[in-house]
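S.K.: Sequence and predicted model, in that order:
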Amino acid sequence: MKRFFLVMILFFSCMLVALARGGVDSVLVRLDRVMGQQEIYMEQKEERIDSLKQLLHHSSLTLRQQFILNKALGAEYELFVSDSAMKYFDNSLLIADSLRSVPLVDEVRLCQTSVLSISGMYKEAWEMLHGIDRATLPDSLLPAFYDCGRQLYSFLANYSHNSSYAANYIRLQNAYRDSLLTVLSPALPEYRLYEAERFIANQQFTHAKNMLVGLLHDQPETSNIYARAAFSLAHLYKDEKQTDAYEKYLALSAISDIKASVKENAALSNLAFVLYERGDVSRAYRYIKRSLEDAIFCNARLRTVEISRVLPVIEAAYKQQIERQRHQLVFFLIVVSILSAFLIVSVILIYKQMKKLSATQRNLKQANHIKEEYIGHFLNLCSIYIEKLDRFRSTVNRKITAGQAEELLKLTKSSQFAGVEQKEFYA
């Protein structure tokens with residue numbers, strides 16, 4: 001009985017693992033489909049940008065309206081093409097100077113700080129951030145100020161990558177995030193995202209997980225909050241050694257980034273590496289290539305550096321796989337060629353045998369026809385002989401009855417009758 005229960009437990013465990021793996025594979029298939037439709041999402045993004053540009057070309061716009069449109073264009077480009085974002089934020093800054101509005105100038109500088117951080121220009125981002133007087137900022141800009149600090153030190157922590165500076169950058173990142181939470185409205189989804197990050201920093205993983213799952217249910221898939229929540233949730237599962245869940249939520253984050261045309265992303269490159277470790281080299285190579293293309297397109301230097309750490313490893317494995325497949329293809333071609341040669345020889349031999357068989361059948365048919373003719377002749381001859389014998393019997397009977405014994409004796413002594421029959425038989 002105990003053995004039965006152990007077998008049942010093992011069976012159901014295997015079933016659960018298979019179902020979980022199937023769920024991950026279905027998400028990866030969906031990610032592949034979304035990647036194939038990337039051009040559609042890019043066109044939608046460019047249409048939104050073009051509509052803003054058309055509005056900007058109206059001659060009747062006030063300076064304030066020009067400021068709003070340039071800033072909106074910069075925001076559209078921020079996670080798409082960082083150089084273009086900086087261009088429109090520079091335009092916004094010139095208009096803000098023309099309006100002699102310090103709050104508008106500070107607002108644009110915070111936007112530029114974010115773009116500089118994304119572009120990997122950390123020194124310039126630090127100088128711009130610390131060049132803003134925190135004491136004079138209006139309350140409406142405090143969330144952007146603290147978020148810029150959190151973002152900058154998050155990038156620096158990732159860039160330093162296990163160096164002695166990373167711990168200090170993480171501490172500063174956490175300090176800016178905690179300050180951000182004091183000025184954000186708890187009703188905002190951003191508040192819940194940063195609160196989940198604080199729970200993770202304080203090792204309150206269950207609370208963090210529940211909050212992140214709630215965000216995934218509440219937010220649209222094209223939202224950047226959705227992508228970031230899925231990415232954070234993925235790394236929670238990574239720390240718990242749940243590889244399937246880690247892959248699944250990385251894939252969901254990548255899907256969100258693609259649909260929103262976010263080129264500054266980390267999910268796809270992370271997913272590429274874990275797929276490489278799992279042995280799915282072809283898919284890993286496609287993902288890491290797409291990640292590199294996105295990073296170059298956006299001019300996201302940190303992402304380019306991160307990808308450069310794993311790209312050579314995945315590329316080498318992919319080349320080895322291609323080489324193995326090439327050798328296998330050559331082997332199979334040789335085997336198929338040999339089998340084809342055997343097949344051709346077999347067909348030729350079978351053709352020759354069929355020709356011989358056909359000739360034999362024709363000969364047999366001809367021989368049978370000859371036999372049938374001879375048998376027909378023989379039977380006809382027998383029938384003639386029977387008729388002649390019967391006539392001879394009648395003649396003998398008639399002559400005996402008529403008393404013509406001498407004529408009958410004379411008839412039987414003659415050899416003429418036998419000679420005639422012999423000639424007919426030979427004929």
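M.R.: Sure, I can see it. Residues are numbered from 1 along each chain as shown.

S.K.: ok, now which ones touch the residue nearest to T243 when sequence neighbours are not counted?
M.R.: Excluding the flanking residues, the one nearest T243 by Cβ to Cβ, 6 or more residues apart in numbering is V274, at 6.9 Å. Quick note: C-beta positions are derived from backbone N, CA and C, even for glycine. Residues in contact with V274 (Cβ atoms under 8 Å, 6 or more residues apart in numbering) are T243, Y246, E247, L250.

S.K.: tell me the pLDDT at V274?
M.R.: If you check V274, the pLDDT there is 96.

S.K.: any idea how far it is from L268?
M.R.: Shown here: V274 relative to L268, a distance of 11 Å by Cβ to Cβ, to the nearest Å.

S.K.: which residues are common contacts for the two?
M.R.: With Cβ under 8 Å, 6+ apart as the test, V274 and L268 both reach L250.

S.K.: quick one, helices of the stretch 101-250 of the chain?
M.R.: Secondary structure of the stretch 101-250 of the chain (DSSP state H, counting those that start in this stretch): helices at 102-118, 122-130, 142-160, 166-183, 189-201, 205-218, 224-239, 243-259.

S.K.: Kindly state which of the ones you listed is positioned closest to E406.
M.R.: Closest to E406 of these is helix 243-259 (Cβ to Cβ; 127.7 Å).

S.K.: May I have that closest one exported as PDB, CA atoms only?
M.R.: Extracted C-alpha coordinates of helix 243-259, given in PDB (Å, rounded to 0.1, in the frame of the first residue of the first chain):
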ATOM      1  CA  THR A 243      13.000  28.000 -13.400                       C
ATOM      2  CA  ASP A 244       9.800  27.400 -15.300                       C
ATOM      3  CA  ALA A 245       8.000  30.300 -13.600                       C
ATOM      4  CA  TYR A 246      11.100  32.500 -14.100                       C
ATOM      5  CA  GLU A 247      11.000  31.800 -17.900                       C
ATOM      6  CA  LYS A 248       7.200  32.400 -18.000                       C
ATOM      7  CA  TYR A 249       7.300  35.800 -16.400                       C
ATOM      8  CA  LEU A 250      10.300  36.900 -18.400                       C
ATOM      9  CA  ALA A 251       8.400  35.900 -21.500                       C
ATOM     10  CA  LEU A 252       5.400  37.900 -20.400                       C
ATOM     11  CA  SER A 253       7.600  40.900 -19.700                       C
ATOM     12  CA  ALA A 254       9.200  40.600 -23.100                       C
ATOM     13  CA  ILE A 255       5.700  40.400 -24.800                       C
ATOM     14  CA  SER A 256       4.700  43.600 -23.000                       C
ATOM     15  CA  ASP A 257       7.800  45.400 -24.100                       C
ATOM     16  CA  ILE A 258       7.400  44.300 -27.800                       C
ATOM     17  CA  LYS A 259       3.700  45.300 -27.900                       C
END
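
S.K.: and that helix, what does it pack onto?
M.R.: helix 2-36, helix 38-56, helix 224-239, helix 267-278 (3 or more Cβ pairs under 8 Å, 6 or more residues apart in numbering; DSSP states H and E).

S.K.: Counting by contacts, list what the helix ranked longest in the chain packs against.
M.R.: Using DSSP state H, we find that the single longest helix of the chain is helix 301-401. Contacts defined by 3+ Cβ pairs under 8 Å, 6+ apart place helix 301-401 against helix 142-160, helix 267-278, helix 281-298, helix 405-413, helix 416-426.

S.K.: If we use 6 Å, what do you get?
M.R.: helix 267-278, helix 281-298 (3 or more Cβ pairs under 6 Å, 6 or more residues apart in numbering; DSSP states H and E).

S.K.: okay, the angle between that helix and helix 122-130?
M.R.: 130 degrees (axes from the mean of the first three to the mean of the last three Cα atoms, to 10 degrees).

S.K.: pLDDT (mean, whole number) over helix 301-401?
M.R.: 83.

S.K.: just how off-centre is that helix within its chain?
M.R.: Its chain's C-alpha centre lies 46 Å from the corresponding centre of helix 301-401 when counted by Cα atoms, centre = their mean, to the nearest Å.
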